[in-house]
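Build the 3D model from these lines:
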Amino acid sequence: MSARIGVVTFPGSLDDGDAARAVRLAGAEAVRLWHGDADLRGVDAVVLPGGFSYGDYLRCGAIARFAPVMQTIVGAARDGLPVLGICNGFQILCEAHLLPGALTRNEHLHFRNRDQVLRVEATGTAWTNAFQPGQEILIPVKNGEGRYVADRHTLDQLEAEGRVVARYVDGNPNGSQRDIAAVSNAAGNVVGIMPHPEHAVEALTGPSLDGLGFFTSILKHLAGAPA
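Residues are numbered from 1 along each chain as shown. Now for the predicted structure:
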């Protein structure tokens, strides 16, 4: 039986269809989850996709953090459920305190949409074990509020614990502190990434196939996880 990966749709989600397609291309079953339904339908992992949940009318992710589905995801993630937050999903994970820090307005106050080189720093997470440490990958970035910030103690702790998952290379598109593009929780089952791996899974539409590694990683993780 193939792994079942949930993909949440919030009002304003833009990339839930792309995330579901990436899951299928990796070889798993994509299970669509609705923001207003607290039932995770027995999925093995969850993806929080990019977009503008609830219109970003307060702060990005601040309203989505209180959605019924998130109430269940928060508890399940703390019990070990793998969760990947992409762009707006990363913002939601920070608002839900599953990840430290915050995502704020880009330092230059402009929206950025371009193909971006990242260096994968941490390969021990549920979502990055298919990569090699230091591997450089090319995936799209598209955000207006993607600047990762945290206090110095938190940043130092992330560095010391190996929880900086990826950094921007060849230019920082949003002014993120220490060029941070992705971070994880201490257990490594929760990862937030600002660029979009789900847009780099097919030669026809992406700048590379590098994003597929995030989705094959979770299958590798689940295959080795205890029943």
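
how about the strands of this protein, start to end?
Applying DSSP state E to the chain gives strands spanning 4-9, 29-34, 45-48, 83-86, 102-104, 112-120, 136-143, 147-149, 164-169, 180-184, 190-193.

which helices and strands does the fourth one pack with?
The helices and strands touching strand 83-86, judged by 3 or more C-beta pairs under 8 Å, 6 or more residues apart in numbering; DSSP states H and E, are strand 45-48, helix 68-78, helix 88-95, strand 190-193. Backbone N, C-alpha and C define where each C-beta goes, glycine included.

related to what we said a few turns ago, would you turn the strands of the chain into CSV with distance to residue 63?
Output for the strands of the chain, formatted as CSV (distance: least, C-beta to C-beta, whole Å):
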stretch, distance to residue 63
strand 4-9, 14
strand 29-34, 15
strand 45-48, 14
strand 83-86, 15
strand 102-104, 15
strand 112-120, 24
strand 136-143, 18
strand 147-149, 20
strand 164-169, 26
strand 180-184, 22
strand 190-193, 17
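
Nearest to residue 55, out of these?
Between residue 55 and the strands of the chain, the tightest spacing by C-beta to C-beta is seen for strand 4-9, at 14.3 Å.

So which of the helices and strands packed on strand 83-86 is nearest residue 143?
Counting by C-beta to C-beta, and looking across all of those, nearest comes helix 88-95 at 8.6 Å.

circling back: in TSV, list the strands of the chain along with mean pLDDT.
Output for these, formatted as TSV (pLDDT from 0 to 100):
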stretch	mean pLDDT
strand 4-9	98
strand 29-34	98
strand 45-48	98
strand 83-86	98
strand 102-104	96
strand 112-120	96
strand 136-143	97
strand 147-149	98
strand 164-169	98
strand 180-184	98
strand 190-193	98
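
Dump these to TSV, plus mean neighbour count and distance to residue 69.
As requested, the strands of the chain are exported to TSV (neighbours: other C-beta atoms under 10 Å; distance: least, C-beta to C-beta, whole Å):
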stretch	mean neighbour count	distance to residue 69
strand 4-9	24	6
strand 29-34	18	6
strand 45-48	29	9
strand 83-86	30	11
strand 102-104	20	20
strand 112-120	18	28
strand 136-143	21	23
strand 147-149	22	24
strand 164-169	22	24
strand 180-184	28	21
strand 190-193	28	15
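
Just put the helices and strands packed on strand 83-86 in TSV and tack on distance to residue 145.
Shown next, in TSV, are the helices and strands packed on strand 83-86 (distance: least, C-beta to C-beta, whole Å):
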stretch	distance to residue 145
strand 45-48	15
helix 68-78	19
helix 88-95	7
strand 190-193	13
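
before we move on, back to that, identify whichever of the strands of the chain lies nearest to residue 54.
Closest among the strands of the chain, using C-beta to C-beta: strand 4-9, at 12.0 Å.

what does the closest one rub up against?
Applying C-beta atoms under 8 Å, 6 or more residues apart in numbering, the contact partners of strand 4-9 are 16, 19-20, 23, 28-35, 40-49, 69, 73, 89, 215, 218.

Tell me how far residue 162 lies from residue 125.
Applying C-beta to C-beta, to the nearest Å, the value for residue 162 to residue 125 is 9 Å.

Neighbour count: the two, which is higher?
residue 125 (27 against 16; other C-beta atoms under 10 Å).

so what's the more buried one up against?
165, 184, 188, 189, 191, 217.

Quick check: nearest residue in space to it, chain neighbours excluded?
residue 188 (4.1 Å; C-beta to C-beta, 6 or more residues apart in numbering).
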